[in-house]
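**Q** The following block contains a protein sequence and its predicted model.
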Amino acid sequence: MEKEIAEEYIALIPTLFDSFSELNKDAAELTHMQNHVIEYIYMQQKALNLKEISAGLNMAKQQLTFIIRDLVMDGYLAKEPDHKDKRAVLISLTPTGKKTQEEKWQNIYHKFHQNLGKLSEEECRDLNFALHKVNQLLKKMERK
């Protein structure tokens, strides 16, 4: 049973990736890596220091420094001193950065909603149940 579950899980990853990539296509005018950084900060819903972003994205700080510099220059991110750690700088979304993400997620939601129109009502119920169940079970597996 574990082998079959692992195979289905592995098969799900590229399917989800392809589906999301299609929904996300043309959603932002940023490079892939810039969008990844902004999206991560947006999802955290708070200002983060470089170390937190680097760890969260599994990206070298050196690579991240240039991406963040460009995003600050383009008005998507802002830097401010970290009052808890005088050596660190907190990086947060500007109103422009936040608006970009909100518009992107609205576009994704709209495209996904359109795709649901290709399914019957019963298939929509099945998909809803399956996604809910997969989310619950994966979260349960991750708990420490």
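**A** Ah, there it is. Numbers count the residues shown, from 1 in each chain.
**Q** Relative to Glu52, how far out is the nearest residue to Leu93 once chain neighbours are set aside?
**A** Once flanking residues are discounted, Leu93 sits nearest to Ile41: 5.7 Å by C-beta to C-beta, 6 or more residues apart in numbering. Where you see a C-beta, it was placed from the backbone N, CA and C, and this is true even at glycine. In this view, Ile41 and Glu52 are 9 Å apart by C-beta to C-beta, to the nearest Å.
**Q** Neighbour count: the two, which is higher?
**A** Between Ile41 and Glu52, counting by other C-beta atoms under 10 Å, Ile41 is the more crowded of the two (26 against 17).
**Q** wouldn't that one be in contact with Thr94 here?
**A** No. Ile41 is beyond contact range of Thr94, at 10.6 Å (criterion: C-beta atoms under 8 Å).
**Q** show me where pLDDT drops low in this protein?
**A** 27-28, 144 (pLDDT under 70).
**Q** Apply 80 and report the result again.
**A** Scanning the chain for pLDDT under 80 picks out the ranges 24-29, 86, 143-144.
**Q** Find the residue at the geometric middle of this protein.
**A** Glu39 (5.0 Å; C-alpha atoms, centre = their mean).
**Q** Can you list the neighbours in contact with the helix or strand hosting that residue?
**A** Per DSSP states H and E: Glu39 is located in helix 32-44. Here helix 32-44 makes contact (C-beta atoms under 8 Å, 6 or more residues apart in numbering) with 28, 30, 47-48, 52-53, 56-57, 63-64, 67-68, 70-71, 76-77, 91-93, 97-98, 100-101, 104.
**Q** Check the offset of the helix or strand where Ile68 lies from the chain's centre.
**A** Using DSSP H and E, Ile68 maps to helix 61-73. What separates the centre of helix 61-73 from the centre of its chain is 18 Å, taken as C-alpha atoms, centre = their mean, to the nearest Å.
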